[in-house]
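Q: Could you look at this predicted model? Sequence included:
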Amino acid sequence: MDLTTTYMGLKLKNPIVPSSSPLSHSVDSIKRLEDAGASAVVMYSLFEEQIEQDAQLLEHYFRIGADSHAEALSYFPNMHAYNVEPDAYVELIRRAKESVGIPVIGSLNGASTGGWVQYARSIEQAGADALEINVYYVPTDHDMCGDEVEKRYVDVLCDVKRAVRIPVAMKLSPFFSATANMAKRLMLGGASALVLFNRFYQPDLDLETLSVIPRLKLSDSDELRLPLRWVAILYGRFAVDFAISTGVHTCEDALKGLMAGAKVTMMASELLQNGVDRIGQVLRGMQDWMEAHEYESVQQMQGSMSQMHVSQPDAFERANYMKVLDSWRAPLMRKPDTANPF
């Protein structure tokens, strides 16, 4: 079976890519992902807050004692030993590229352009094959309209594209009011790929301590349906690649994503829960299914179940809503068995 695919111009040996997660926090872990069968790896995200903290700390050290006697210059930090998180991140990418043979995709997470454009360039210079932008932004200002929110995404993309030459993917929120239009604007802004979707981790309330607490809930296969639907709708409309990044746990999930139109399907929760060897198991399951159904390659199935290729394209839109409701009505209206009413 030919499992090869292309993503952002990168030729990959298969469509399974570990998404941004703690699994890429070390070179050894990235090697284990490669050995398990991963065709590429998306690095854990470098957060805008880390970059801002880096800049503030650096400014503090350069300002302290600046108006003192010249001997105060000796108090400046040794910059060769000065290594905060953003610089360590770039160094990890450089070492990973020296150690593995699969593409390494950097990841930036933030909500504004700011200093992370500079780090986009540093990530490229470290050898990253591509860059994924993850704009994690919750608009709480009641005076901010939807167009301003969308413009923020486009502005971030355009600023990063001006700074680097490597392909750039945009990881989207599922909460846009006009997802298709947003996809078009990002494609025109230079995105090579769209990753669907970003998972917003919601806080919880502790009733005993009356405090807000973080609560991480890993995904499950049921979450696949939302990105599956939108990839199927958008496939073929725009000159971008699509990646599904939510709800991929089994070989069936990966196959569905490919048939909807994704070039790659990304996994994180499944690998965190059950280990990186799940990559090989999923790939073997995909091969078995393809052989049983007489598929010779991944390319043969990509987009085959997208909206533009199915016999009932409206099933991806409102008609699907009606069918789901009708599916629950039938059991409720079933006539009782008169011979055995109990």
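A: Sure, I can see it. For clarity, every value in this text was computed on a predicted model and none was experimentally measured.
Q: For residue 308, which non-adjacent residue is spatially closest?
A: Residue nearest to residue 308 in three dimensions, not counting chain neighbours: residue 236, with 4.9 Å by Cβ to Cβ, 6 or more residues apart in numbering. Placement of C-beta: from N, CA and C, glycine included.
Q: buried set for the helix or strand hosting residue 160?
A: For residue 160, the host element (DSSP states H and E) is helix 146-163. Within helix 146-163, the residues that count as buried by 16 or more other Cβ atoms under 10 Å are 149-150, 152-154, 156-161, 163.
Q: Just put those residues in CSV and tack on pLDDT and distance to residue 298.
A: Output for the buried residues of helix 146-163, formatted as CSV (pLDDT from 0 to 100; distance: Cβ to Cβ, whole Å):
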residue, pLDDT, distance to residue 298
149, 86, 35
150, 90, 33
152, 88, 35
153, 90, 30
154, 93, 31
156, 90, 31
157, 94, 28
158, 93, 32
159, 92, 34
160, 93, 29
161, 94, 28
163, 92, 33
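Q: closest to residue 104 among those?
A: The nearest member of the buried residues of helix 146-163 to residue 104, counting by Cβ to Cβ, is residue 160 at 17.2 Å.
Q: That closest one contacts residue 168, correct?
A: Yes. At 5.9 Å, residue 160 counts as touching residue 168 under the criterion of Cβ atoms under 8 Å.
Q: could you say what helices and strands the strand or helix carrying residue 96 packs with?
A: Per DSSP H and E, residue 96 falls inside helix 85-99. Secondary-structure packing of helix 85-99 (3 or more Cβ pairs under 8 Å, 6 or more residues apart in numbering; DSSP states H and E): helix 27-36, strand 46-47, helix 48-63, strand 104-110, helix 116-125.
Q: try 6 Å this time
A: Other elements packing on helix 85-99 under the criterion 3 or more Cβ pairs under 6 Å, 6 or more residues apart in numbering; DSSP states H and E are helix 27-36, helix 48-63, strand 104-110.
Q: Identify all contacting residues around the helix or strand following the first one.
A: Tracing the chain past helix 27-36, the next element assigned as helix or strand by DSSP H and E is strand 41-42. Applying Cβ atoms under 6 Å, 6 or more residues apart in numbering, the set of residues contacting strand 41-42 from outside is 18-20, 24, 30, 33, 104-105, 107, 132.
Q: any chance of those in CSV, plus neighbour count and pLDDT?
A: Below are the contacts of strand 41-42 laid out as CSV (neighbours: other Cβ atoms under 10 Å; pLDDT from 0 to 100):
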residue, neighbour count, pLDDT
18, 28, 98
19, 29, 96
20, 24, 93
24, 24, 95
30, 25, 98
33, 23, 98
104, 24, 98
105, 29, 98
107, 24, 94
132, 26, 97
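Q: of those residues, closest to residue 40?
A: Of all these, residue 105 has the smallest distance to residue 40: 6.2 Å, by Cβ to Cβ.
Q: Next up, the contacts around the closest one.
A: 42, 130, 132.
Q: and it, how far is that from residue 216?
A: From residue 105 across to residue 216, the span is 23 Å (Cβ to Cβ, to the nearest Å).
Q: now swap in residue 168 and tell me
A: Taking Cβ to Cβ as the measure, residue 168 falls 27 Å from residue 216.
Q: The two: which is more packed in?
A: residue 168 (26 against 9; other Cβ atoms under 10 Å).
Q: Bridged to the residue nearest to the more buried one when sequence neighbours are not counted, which residues?
A: Nearest residue to residue 168, sequence neighbours excluded (Cβ to Cβ, 6+ apart): residue 131, at 5.1 Å. Per DSSP bridges, residues listed as beta-bridge partners of residue 131: residue 106, residue 168.
Q: that older thread, with the contacts of strand 41-42 in mind, which one is nearest to residue 298?
A: residue 18 (17.6 Å).
Q: which residues pair with that closest one across the strands?
A: Beta-bridge partners, per DSSP bridges, of residue 18: residue 267.
Q: Isn't it up against residue 37?
A: No. At 10.1 Å, residue 18 does not count as touching residue 37 under the criterion of Cβ atoms under 6 Å.
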